[in-house]
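**Q** Need coordinates for the below:
(2 chains)
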Amino acid sequence: MEFITLADLTPIIPEIIVLLTACIVLLVDLFAPKKERAFTLAVTTIIGLLLALLAETQLHGKEITGFYGTVVADDFSILFEFIYMSVAIVTVFVSRHYISDNEMNFGEYYVLLLTAVSGMMFMTSGLDLLVIFIGLEIMSISSYILVGMKRKIAKANEAALKYLLLGAFSTGFLLYGISLLYGATGSTLLPEIITQIKLNGADNPLVVVGMALVIVAMSFKIAVVPFHMWTPDVYTGAPTPVTGFLSGAAKAAGFAVFVRVLLTGIPLDSANWENLFWILAVLTMTVGNVMALRQNEVKRMLAFSSIAHAGYVMVAIVVGSTSAISGVIFYSCAYALMGTGAFGILTIKDAGRTPRTFDDLAGYGKRNPFLALLMTLFIFSLVGLPLTGGFIGKLQIFSAALQDGWIWLTIIGILNSALSVYYYLRVPMFMYMREGALPEGTDLSEQTSGFALTGLIGTAAAVIYLGIFPDRILELASLSILALL
Amino acid sequence: MSIASGYLPILIMIVLGIVLAGALSCIGLFLGPKLRGEVKETPFESGFLRNGMAGHRYDVKFYMTALVFLIFDVEVVFLYPWAVQVRELGWFGFVAASVFLGILVLGLAYDWKKGALNWE
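**A** As a prediction, the model looks like this:
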């Protein structure tokens, strides 16, 4: 048996950088002088994440494995890790003022953000089911605490507890699934499992049940109907920047594992699996959209709509062709940006409070014309109007579905998309067309923090970039899929 | 040789365990000083009051102590196998163990600075 050498560390250099940054942030939190502490923490976090991004670009195209083939840095994982880190950077930008306004200005906030990102990265680059499991746990445990960070608010505590309980359930499903797959194939290494299944066929009931349990566990994480019940409460109760982070990065991580486990070889050719995913996709799209119609709280509406977006991505997973899967990657990227952007706008104080209901948004366009413009852009992208990243993502997924002859699925998807226009456009409508009746003496002179604005402008620019020049990302995505299959 | 003979050492171990445990408690019973009093008679509950509502609140410092204990506990679990193999593992193993210890020391420093080691 060969020992692990330094070369084994190469594929996980970005993960190591992120974790080291977490350690450094912890030390900064302990020893930095009180006055500059908050600023230093945010800047250290961003620098660490940027360094990790740089390391990712160096690893691109090399496909290095390490630790006896349990981790890999292939193009697929690098693309997804880019998504997580970009979302984390935007989250840090929009969190700075939010966490000091809400009495949760702890260094631990950044540490947990970083460990959550490192967990996602391990999930994505893991080739062994146990590495994926550990990554998932690092991510989940960090995000349970992040959700409950507003300790004195009952709603945040409720959200954290619900998230913890359902998360623990889904972990149980995943472990049980892994153990059954191990029982059937004698390995937890994905390539090994795939060879075994190809040799002996996928009809083994252990394999079927094991796969089903893994699918259930991941469905919890990406909030596929009927495993979505936690999403609205958790997303509404969590601190708003954390909600953006969860909906952008944590879901993308779930999809990354979905694609890695399901499409790299565990054969889904049989009609049963396809039908199962078909039903899940339709349910997820429809339930998410219909429930979003009825919401008065903007954050809750966005939470339900994030379920619907997971449904669109499920369509691509049903189709499973190369262009559909590059659609998954592109859509995850686009949704991560527009979702964090939209939640990011909600973190900014307007007229002395953060906007909560649609009525709070009345008159927003007059009070903060620039922020209203950015929000409109994010909303248009969420709807899927042309020139935005959301449009290209939907186009890619639905055209791939049509090419493979999934006509009914496409029609349902497009109808759902049309349905979403109604509730999404209520946001710009309230912002621009309603007059806000503010209580007397409301302080309107507040300045938006430059930190948050930088992050939001960057996100908006990225959404437009994805909408106008999608070729580069789509090409990278389909190349990474080819490496995978 | 039957299969069972392989288990003879385990049988001896079990018997020895029972005898030793029994003997030690008996010795205590016969030789130990006996000072009876109200406090002495109550069952030991790790510092909690012995009766009261089941759902009462614990002081959070118990958890702090448990967490600090965890750091050292995990450390020992991982350092024993390393110490046994230290020559074969060479410098690479030494550096790896140092990284591990460094992370734990960071945790200890964090505890210390946050005041988790202060009982009062």
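
**Q** Make sure B:Asp73 is indeed in a helix.
**A** Yes. Under DSSP: H, G, I helix; E, B strand; the rest coil, B:Asp73 falls within a helix.

**Q** any idea how far B:Thr65 is from it?
**A** 12 Å (Cβ to Cβ, to the nearest Å). For glycine as for every other residue, the C-beta is placed from the backbone atoms N, C-alpha and C.

**Q** any common contacting residues for these two?
**A** Counting by Cβ atoms under 8 Å, 6 or more residues apart in numbering or on different chains, B:Asp73 and B:Thr65 have no common neighbour.

**Q** Spell out which parts of chain B neighbour chain A.
**A** B:89, B:92, B:103, B:106, B:109-110, B:113-114 (Cβ under 8 Å from any Cβ of the partner chain).

**Q** Would you list the buried entries among those residues?
**A** Buried subset of the residues of chain B next to chain A (neighbour count, 16 or more other Cβ atoms under 10 Å in any protein chain shown): B:89, B:110.

**Q** Would you format the residues of chain B next to chain A as JSON lines with distance to A:Leu50 included?
**A** Shown next, in JSON lines, are these (distance: Cβ to Cβ, whole Å):
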{"residue": "B:Leu89", "distance to A:Leu50": "35"}
{"residue": "B:Phe92", "distance to A:Leu50": "30"}
{"residue": "B:Ile103", "distance to A:Leu50": "23"}
{"residue": "B:Leu106", "distance to A:Leu50": "23"}
{"residue": "B:Ala109", "distance to A:Leu50": "26"}
{"residue": "B:Tyr110", "distance to A:Leu50": "25"}
{"residue": "B:Lys113", "distance to A:Leu50": "28"}
{"residue": "B:Lys114", "distance to A:Leu50": "28"}
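
**Q** Return the subset of the residues of chain B next to chain A lying in helices.
**A** If you go by DSSP state H, the residues of chain B next to chain A have B:89, B:92, B:103, B:106, B:109-110, B:113-114 in helices.

**Q** Kindly reformat these as JSON lines containing pLDDT.
**A** Listed next are these as JSON lines, based on pLDDT from 0 to 100:
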{"residue": "B:Leu89", "pLDDT": "82"}
{"residue": "B:Phe92", "pLDDT": "83"}
{"residue": "B:Ile103", "pLDDT": "88"}
{"residue": "B:Leu106", "pLDDT": "88"}
{"residue": "B:Ala109", "pLDDT": "87"}
{"residue": "B:Tyr110", "pLDDT": "87"}
{"residue": "B:Lys113", "pLDDT": "86"}
{"residue": "B:Lys114", "pLDDT": "83"}
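
**Q** If we only consider those residues, which is nearest to chain A?
**A** Minimum distance to chain A across these is 4.5 Å, recorded for B:Lys113 (Cβ to the nearest Cβ).

**Q** what's the closest non-adjacent residue to that closest one?
**A** A:Leu30 (4.5 Å; Cβ to Cβ, 6 or more residues apart in numbering or on different chains).

**Q** gap between the one you found and B:Phe44?
**A** Relative to B:Phe44, A:Leu30 is positioned 36 Å away (Cβ to Cβ).

**Q** what does A:Phe398 give?
**A** 68 Å.

**Q** again with A:Pro355
**A** 56 Å.

**Q** what does the stretch 151-300 of chain A have sitting close to chain B?
**A** Counting by Cβ under 8 Å from any Cβ, no residue of the stretch 151-300 of chain A sits close to chain B.

**Q** low pLDDT regions in the stretch 151-300 of chain A?
**A** Where the stretch 151-300 of chain A drops to pLDDT under 70, the residues are A:264-271.

**Q** on that earlier part again, between A:Pro355 and B:Phe44, which one's more packed in?
**A** A:Pro355 (25 against 7; other Cβ atoms under 10 Å in any protein chain shown).

**Q** Next, count neighbours for the residue nearest to the more buried one when sequence neighbours are not counted.
**A** In this structure, A:Pro355 finds its nearest non-sequential neighbour in A:Leu361, 5.3 Å apart by Cβ to Cβ, 6+ apart. For A:Leu361, the tally of surrounding residues (other Cβ under 10 Å) stands at 26.

**Q** for chain B, what are the nearby residues on the stretch 301-450 of chain A?
**A** Counting by Cβ under 8 Å from any Cβ, the stretch 301-450 of chain A has no residue next to chain B.

**Q** and A:Pro14, what is it in contact with?
**A** A:Pro14 neighbours (Cβ under 8 Å, 6+ apart): A:52-53, A:55-56, A:59, A:73, A:81, A:121.

**Q** and if you look at A:Tyr312?
**A** A:Tyr312 neighbours (Cβ under 8 Å, 6+ apart): A:285, A:331, A:393-394, A:397, A:413, A:416-417.

**Q** gap between it and chain B?
**A** A:Tyr312 sits 41 Å away from chain B, taking Cβ to the nearest Cβ, to the nearest Å as the criterion.
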